[in-house]
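# mind folding the following:
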Amino acid sequence: MSTISSSTRETFRLGPFVTPRIWTGLWQLSSNAWGSASVPKIRQGMARHVDMGYTAFGMTDHYGGAEIIFGQFRESLPSQTKVVGATKWCLFKRVNPTRSVVLAAVQERMERMRTESVDLLQFHWQDYTDNGYMTALHHLYDLKMEGLISAIGLCNFDTIRTDEICTQLGPGAIVSNQVQFSIIDTRPLHGMSDVCEKHDIKLLTYGTLCGGFLADKWLGAPEPDLYSGNLTPSQRKYLDMIVKAWGSWELFQELLALLRVIADRHGGLSIANIATRWVLDHPFVGAVIIGARLGLSEHPDDNQKVFGLRLTDQDNADIEVLLDRSNGRTIITTIGDCGAEYR
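Numbering: from 1, shown residues only. All right, here's what the predicted structure looks like:
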């Protein structure tokens, strides 16, 4: 099996961990709407990723059995094989975040993942009008200091609250914020990047490939029906963003054609490679999280080509010229800042 060579492998530091800059997202385990595979096939897919150097997995408390499957998988690995499990605690309803409530949530993550300390716990809070998120984060930080959490991250927090949280908790308390970022959705460039630099935190980005639309299979393809049963939940979300918020399917086809030209300049790489590299080239990005439908649809061989790729000044200039014709610069004013689409 091919692996990411040590000469091209890219890593970054996230709290106490050093991880690859491409993570494997497990959100497909949240619903059969993405398709389903047997648990043994899922574990085989996870093992294949680890063998190739993809040793970090992203999941959450509401992704079906993702935490449980990951915990069982990690427990089956040889002791010298180190993998990082990043999960979340998401509060979508109003909760009084007492220490006992926060502790119970952390302990549940530990039990499901079969670990004595959660590697990275990413926190999502739905209602900004309730500033209980600061109380919850203070409790999480206390639990981190007690050894139950190795690192704390945020999930879908906007620029203002990320700055507020990092300022109140102090240096090193928060290591990351997981938000959407791609050639299509460039909202993190409007403020979030400055906050990351100010507080020395990294973004863990999803949506980098827009649910798979930033790929060769869609070059020259007609616009799909938004309500087609052939689309995954992710594709319905990102198709809506592409044709309503960003521009049009016709302009998107021009973008795919351009990315295909750039990929050919680099020896016939894939459109997905170029789109991923573009995101990784931003210094405030720690890693991109690429969803894999383990046992059904996964592309670890193609993804590892990103590590040997360097976009040229001409490549970036050509991309910027096309993006200037889109509504990408103003999406933040129509949808709102990072994470607003979930509130």
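
# hey, let's count contacts and neighbours off CA atoms from now on
OK.

# give me the phi and psi angles of Trp23.
The phi and psi values for Trp23, taken as degrees, to the nearest 10, are phi -110, psi 160.

# pretty sure it sits against Thr55.
Yes - with contact defined as CA atoms under 8 Å, Trp23 counts as touching Thr55 (7.3 Å).

# how about the strands in the protein?
Using DSSP state E, the strands found in the chain span residues 11-14, 17-20, 22-25, 56-58, 84-91, 118-125, 149-155, 176-180, 202-206, 285-291.

# and the fourth one, average pLDDT?
Going back to what we said before, that points to strand 56-58. When pLDDT is averaged over strand 56-58, the result is 95.

# ok, His199 touching Ala173?
No - no contact is recorded between His199 and Ala173 when judged using CA under 8 Å, the distance being 9.7 Å.

# higher neighbour count, these two?
Looking at His199 and Ala173 with other CA atoms under 10 Å, you find the greater number of neighbours at Ala173, namely 23 against 19.

# re the thing from before, Trp23 and Thr55: which is more packed in?
When neighbours are counted by other CA under 10 Å, Trp23 comes out ahead of the other of Trp23 and Thr55, with 26 against 22.

# skip the chain neighbours and tell me the closest residue to that one.
Spatially, and ignoring its direct neighbours in sequence, Trp23 is nearest to Ile289 (4.6 Å; CA to CA, 6 or more residues apart in numbering).

# next one: Leu255
When the adjacent residues along the chain are set aside, Leu255 lies closest to Leu322, with 6.9 Å between them (CA to CA, 6+ apart).

# still on that earlier bit, overlap in contacts of His199 and Ala173?
Counting by CA atoms under 8 Å, 6 or more residues apart in numbering, the common neighbours of His199 and Ala173 are Cys166.

# ok, the residue nearest to Leu255 touching Leu256?
No - shown here, Leu322 and Leu256 do not form a contact pair, counting by CA under 8 Å, at 10.6 Å.

# which residues touch the residue nearest to Arg21 when sequence neighbours are not counted?
Ranked by CA to CA, 6+ apart and with sequence neighbours excluded, the top spatial neighbour of Arg21 is Ala287, at 4.0 Å. Residues in contact with Ala287, defined by CA under 8 Å, 6+ apart, are Phe12, Pro20, Arg21, Ile22, Trp23, Leu203, Leu204, Thr205, Leu280.

# give the bridge partners for Ala287, please.
Beta-bridge pairing of Ala287 under DSSP bridges involves Leu204.

# try Ala151
Leu120.

# can you pull the pLDDT of it?
The model reports Ala151 with a pLDDT of 98.

# can you name the residues that contact it?
Under the contact definition (CA under 8 Å, 6+ apart), the residues listed for Ala151 are Leu14, Gly15, Pro16, Val118, Asp119, Leu120, Leu121, Lys144, Ala173, Ile174, Val175.
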